[in-house]
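Undergrad: Below are the sequence and a predicted model for it; my questions follow.
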2 protein chains.
Amino acid sequence: MKLDWQADSRGERTGRIGKLQNAMRKAGLDAFLATQNVDLYYLTGSMQTGYMLIPAEGEPTYYVRRSVARAISESSFRAVPLGSFRNFAGTLAADYPKLFGGIGPVRIGTELDVLPTQVYLKLSEMLNASSTKVELVDGSGLIRRIRMVKSPYELGRISAAAEVVDGALTAALPYLREGMTELEWMARLEHELRVRGHIGLMRMRGYNQEVITGMVGSGAAAAESSYFDGPAGGRGLGPSAPQSVSRKTFARNEPILIDIGCCMDGYVIDQTRTAVIGDLPADLLRAYEVSVHIIRAVENSLKPGTPADALYAEALKMAADAGLSEHFMGYGEDRVKFLGHGIGLEIDEWPVLAKGFANPLEAGMVLAVEPKFTFPGRGVVGIENTYIITEGGPLALTRSKEELIILPIQ
Amino acid sequence: MKLDWQADSRGERTGRIGKLQNAMRKAGLDAFLATQNVDLYYLTGSMQTGYMLIPAEGEPTYYVRRSVARAISESSFRAVPLGSFRNFAGTLAADYPKLFGGIGPVRIGTELDVLPTQVYLKLSEMLNASSTKVELVDGSGLIRRIRMVKSPYELGRISAAAEVVDGALTAALPYLREGMTELEWMARLEHELRVRGHIGLMRMRGYNQEVITGMVGSGAAAAESSYFDGPAGGRGLGPSAPQSVSRKTFARNEPILIDIGCCMDGYVIDQTRTAVIGDLPADLLRAYEVSVHIIRAVENSLKPGTPADALYAEALKMAADAGLSEHFMGYGEDRVKFLGHGIGLEIDEWPVLAKGFANPLEAGMVLAVEPKFTFPGRGVVGIENTYIITEGGPLALTRSKEELIILPIQ
């Protein structure tokens, strides 16, 4: 399979730069400095280490640490060697004399949500070594807002990832049986994802957060809470890997949560199905059905103009009406306070379907919606689809059949 | 397999806290604030999100965001809910009145090498909201230095990871054949690693760095340079995953670099072997043999007292004597400037066998030594072992047979 990288090339990226420049001008920023691998890829088409300087007016430059040759061959914009970090201020002054030639202050936005403090402090010091005063301020909101709305190319990539997840799940499900460990089955599923082109992990922006292929968990193990910023943590392989699969074996008549994704060509997908070997206990079956009711109800509101937080409020009310508030999106103290999240190059993109995200949905956003119910000691049930928001309503990218997966007792 | 987590529990961790407190006092720090998942695991035995405050004198406290229950059950020390972040300064003042009761300044070291700037700025502001002046300074060097020397428990975990890599390689090698893609074979190898307990990725401290199971690359694809902070990048699956395996098929008579690792119970291992289907060209075979000569020579110096940078200098000289300077540890501009690195909970630990690391090696350090030669358009050859430094010299933890792996043409 040969992918046409050019499809996502100069024209599209020029549009992204234009949007960022508009946002900069509104925010009173003179420039934006991209430092993070994912943002660099989004803006340049390359993921080599370095810095991209985007002035509020004019052409951007990608200052590359390593590999310069690779960045030059991949980048949609001018890419040059970073050279000595100490001289970076001088390089910038030479390349952007209007910006760095005066006394300043020059206000530069950068990704303070991910940039390590050590790098931030070194950048600040280096940029202020000359007589121009430079202020580094948080510009992460700007780039995250632009990334919320996906292009047709991006939608195609996320859809391709959804197809891979469905194919891998279909291939791996026949091997899921009683007595097998969660880890063993996950290894098989991951093999199916990997041979289809999964890059090996899903990228996540949050500090200390990790996600490889999502979470598979059964019964009591699935219901164990964890640091992971999602409704279901999972027991994991021990205190040093405290999420997702454990060495617990699958047993009959308990829910098996299959909350999985992959990363294809940089883009991730997120999908959850619930399975059972035998039958679900009646109360868990009912909770599963409530999760389906919630996702159906939310689909009716998944359209341009709906405030993101209204979707969460609607789901909370439905969970309460079903008497399941305490079990919704985790249990008790460990519940997470959202119903879903934006998804694209990272799994934790904006908007978040949560209180405080009052901005209306827009066409081209991609959202994972994941109503789930946790029963400590017994398991987690739920469903998750990833949708494009279109003028006509939501379009599901996840394509695995929407049903409780009932596996035979063998 | 049931692991005895207690083996690495309270006693050992109390020793780590003691070392950190000694280092704090020498550095003039009043406290250390651990924030990163790996450091939190090292210090507490748990990896739940939150902050650990270690005063220079007295007992530490683990302030947990999520999951509190899990942290309490796993932590070797007092773990309590973090509660409201805004009130964290008040909580600290109540728990550590000697530290936060005066006007300050209180000097607190934290991991500025990984802490996102946004969190750093919020912490600084919150901690300075009262009348006590609090300075957050870089303490990453302190914790990284303590983590350099491993305990017997840790050495056991790294050794277990080495055994898993050997077992997985042995199981996967028979499937490696001409015409198969690098990705397909990597998927098989990763399956073998995963079923043996690999947590799914290897942790790395560096900003924008990612490593899952290492790098497998053949011929020209292996020799493609990348941002990855190692001697061999690899073509990868595209600009959004620009390292390790590609969709290139294995061909005869070209080197196949198998630079792999895994993470068991939090601890990682790193090992490289070179394989070929058929025969290596004479000059690449010679370069491979030079890499073996270098590792044998370095082994003689891998003992307490040797300055880390002397090992790199020795290897550079041997590469130069062989006329291979331009090919050593990458090619041309993209060469990395080290011969090896510390390894433990992360793959990029201290010391680095590089210029500027003049401190002498100590017993209990674990080092991956990886002399490699890159030939653009043709491939990468080399070898890598991970060693414990002991009083009697190096003890290799990696146990895969040290030979050029020659696979038959079928």
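TA: Arrived safely. Numbers count the residues shown, from 1 in each chain, chains lettered A, B, ... in the order given.
Undergrad: so what's A:Gly167 up against?
TA: Counting by Cβ atoms under 8 Å, 6 or more residues apart in numbering or on different chains, A:Gly167 makes contact with A:Glu192, A:Arg196. To be clear about C-beta, it is placed using only N, CA and C from the backbone, and glycine gets the same treatment.
Undergrad: would you say it is within a helix?
TA: Yes. Counting by DSSP: H, G, I helix; E, B strand; the rest coil, A:Gly167 is found in a helix.
Undergrad: Next, work out how far apart it and B:Asn128 are.
TA: 53 Å (Cβ to Cβ, to the nearest Å).
Undergrad: Ok, A:Asp348 next?
TA: Separation of A:Asp348 from B:Asn128 (Cβ to Cβ): 29 Å.
Undergrad: out of the two, which sits in the busier spot?
TA: Looking at A:Asp348 and B:Asn128 with other Cβ atoms under 10 Å in any protein chain shown, you find the greater number of neighbours at A:Asp348, namely 20 against 17.
Undergrad: wait, what's in contact with the more buried one?
TA: By Cβ under 8 Å, 6+ apart, the contact list for A:Asp348 reads A:Met204, A:Arg205, A:Gly206, A:Gln209, A:Asp229, A:His341, A:Gly342.
Undergrad: so what pLDDT did the residue positioned nearest the centre of chain A get?
TA: In chain A, the residue lying closest to the centroid (Cα atoms, centre = their mean) is A:Ile347, at 1.3 Å. Per-residue pLDDT puts A:Ile347 at 98.
Undergrad: mind listing the strands in the stretch 51-200 of chain A by residue range?
TA: Under the criterion DSSP state E, counting those that start in this stretch, the stretch 51-200 of chain A carries strands at the ranges A:61-66, A:79-81, A:106-110, A:134-138.
Undergrad: out of those, which comes closest to chain B?
TA: strand A:61-66 (5.4 Å; Cβ to the nearest Cβ).
Undergrad: Does that closest one reach chain B?
TA: Yes. Interface with chain B: strand A:61-66 contributes A:Arg65, A:Arg66 (Cβ under 8 Å from any Cβ of the partner chain).
Undergrad: Can you pull the phi/psi pair for A:Ile199?
TA: Dihedral pair for A:Ile199: phi -80, psi -10, per degrees, to the nearest 10.
Undergrad: Beta-bridge partners for the residue nearest to it when sequence neighbours are not counted, please?
TA: Excluding its sequence neighbours, the residue lying closest to A:Ile199 (Cβ to Cβ, 6 or more residues apart in numbering or on different chains) is B:Ala241, at 3.8 Å. Beta bridges link B:Ala241 to B:Gly238, judged by DSSP bridges.
Undergrad: correct me, but A:Glu135 touches A:Gly109?
TA: No. Counting by Cβ atoms under 8 Å, no contact exists between A:Glu135 and A:Gly109, whose distance comes to 9.6 Å.
Undergrad: Can you show me the CA trace of stretch A:267-275 as PDB?
TA: Extracted C-alpha coordinates of stretch A:267-275, given in PDB (Å, rounded to 0.1, in the frame of the first residue of the first chain):
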ATOM      1  CA  TYR A 267      -4.200   9.500  13.300                       C
ATOM      2  CA  VAL A 268      -5.900   7.600  16.100                       C
ATOM      3  CA  ILE A 269      -9.400   6.100  16.600                       C
ATOM      4  CA  ASP A 270     -11.300   5.000  19.700                       C
ATOM      5  CA  GLN A 271     -14.000   2.400  19.900                       C
ATOM      6  CA  THR A 272     -15.600   0.300  22.600                       C
ATOM      7  CA  ARG A 273     -17.700  -2.900  22.500                       C
ATOM      8  CA  THR A 274     -18.800  -5.100  25.400                       C
ATOM      9  CA  ALA A 275     -18.500  -8.800  25.100                       C
END
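Undergrad: thinking again about what came up before, as TSV, the strands of the stretch 51-200 of chain A with distance to B:Ser67 would be great.
TA: Below are those laid out as TSV (distance: least, Cβ to Cβ, whole Å):
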stretch	distance to B:Ser67
strand A:61-66	38
strand A:79-81	44
strand A:106-110	32
strand A:134-138	29
